[in-house]
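[1] Provided below are the primary sequence and the corresponding predicted coordinates.
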Amino acid sequence: MLSARQASKLIHATDRPSEQQVMWVERQLKTGKIVGVRSKKANAPWTTTATAIAQYMAEVNLPDPAATANSQAAPRGSAELGDVYRDVLKDYFLAMIFRRGQRARSKLFGRAVAVGQVLTLLTIVAMTVSAISPLLAAAPPEHTAIETWIGENTGRFDIVRYHPGNPTPEGQGEQIRVEYRYSNPGGKVVKTERVFTVVGGRVVGVESF
């Protein structure tokens with residue numbers, strides 16, 4: 001287990017954290033932003049783990065979702081990609097923390113951890129390429145038509161999921177159920193689910209649930 005001071009050393013990358021830095025870590029522990037435990041004894045100190053610190057550092061180093069708020073549609077699979085980043089970053093920071101705690105050990109151990117960190121970064125790159133490659137492929141015309149309709153009627157939006165489409169009764173188009181989020185005029189994010197009927201690359205019908 002790590003004390004707030006020890007956690008502060010890891011987070012702030014210093015052997016002598018200031019009292020302000022230690023107090024900041026204690027606040028993160030109290031609010032639950034950093035997972036910690038505390039006994040029921042009066043004035044008992046907070047403690048945490050290296051894994052919890054790595055998890056916190058991974059969270060704060062993920063791309064800010066607000067950075068894509070002005071885009072029309074977030075890349076499909078962004079939530080899944082975010083989970084991948086989070087797990088890989090957590091392992092990366094955990095390796096860094098473990099390495100710092102083993103500075104007095106052999107150089108061979110240090111090299112092994114360094115190699116592990118390089119492999120972790122290469123894994124991030126490989127996963128990014130594999131995740132983005134399908135996104136760069138041309139979107140189906142039905143999806144393009146649906147996103148155009150949503151953009152014209154809501155402005156900012158984020159596609160959550162496209163369900164498999166079904167042919168229309170007449171067989172001339174396709175009906176697709178879509179889950180998405182959008183911001184209303186008051187700025188509130190609304191999640192909705194609708195069935196779009198697309199014929200000839202144009203939305204001709206919308207049914208809300």
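    Happy to help now that I have it.
[2] next structured bit after the helix or strand of the chain with the lowest mean pLDDT?
    Every helix and strand of the chain was ranked by mean pLDDT, DSSP states H and E. The lowest is helix 107-136, at a mean of 59. Counting by DSSP states H and E, the next helix or strand C-terminal to helix 107-136 is helix 141-154.
[3] identify each buried residue in that next one, please.
    Residues Glu142, His143, Ala145, Ile146, Glu147, Trp149, Ile150, Thr154 are the ones in helix 141-154 that count as buried (16 or more other C-beta atoms under 10 Å). Yep, even glycine has a C-beta here, placed from its N, CA and C like the rest.
[4] so which of these is the closest to Val178?
    Ile146 (6.0 Å; C-beta to C-beta).
[5] my guess is that closest one meets Glu174, correct?
    No. Contact status for Ile146 versus Glu174: not in contact, 10.1 Å apart, counting by C-beta atoms under 8 Å.
[6] show me the common contact partners of those two, please.
    Residues touching both Ile146 and Glu174 comprise Val198, with contact defined as C-beta atoms under 8 Å, 6 or more residues apart in numbering.
[7] report the contact partners of Ser8.
    Thr14, Pro17, Gln21, Val22, Trp24, Val25.
[8] same thing but at 7 Å, please
    Shown in contact with Ser8 (C-beta atoms under 7 Å, 6 or more residues apart in numbering): Pro17, Gln21, Val22, Val25.
[9] chain neighbours aside, what residue packs nearest to it?
    Nearest-residue entry for Ser8: Pro17, 3.9 Å, with adjacent residues in sequence omitted and distances by C-beta to C-beta, 6 or more residues apart in numbering.
[10] coming back round to it: and the contacts of Ser8 as JSON lines, adding pLDDT and distance to Lys90?
    Listed next are the contacts of Ser8 as JSON lines, based on pLDDT from 0 to 100; distance: C-beta to C-beta, whole Å:
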{"residue": "Pro17", "pLDDT": "86", "distance to Lys90": "22"}
{"residue": "Gln21", "pLDDT": "89", "distance to Lys90": "22"}
{"residue": "Val22", "pLDDT": "89", "distance to Lys90": "23"}
{"residue": "Val25", "pLDDT": "88", "distance to Lys90": "18"}
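[11] straight-line length of stretch 27-38, end to end?
    Terminal residues of stretch 27-38 are spaced 13 Å apart (C-alpha to C-alpha, to the nearest Å).
[12] picking up where we left off before, tell me the most packed of the contacts of Ser8, by neighbour count.
    Val25 (28 neighbours; other C-beta atoms under 10 Å).
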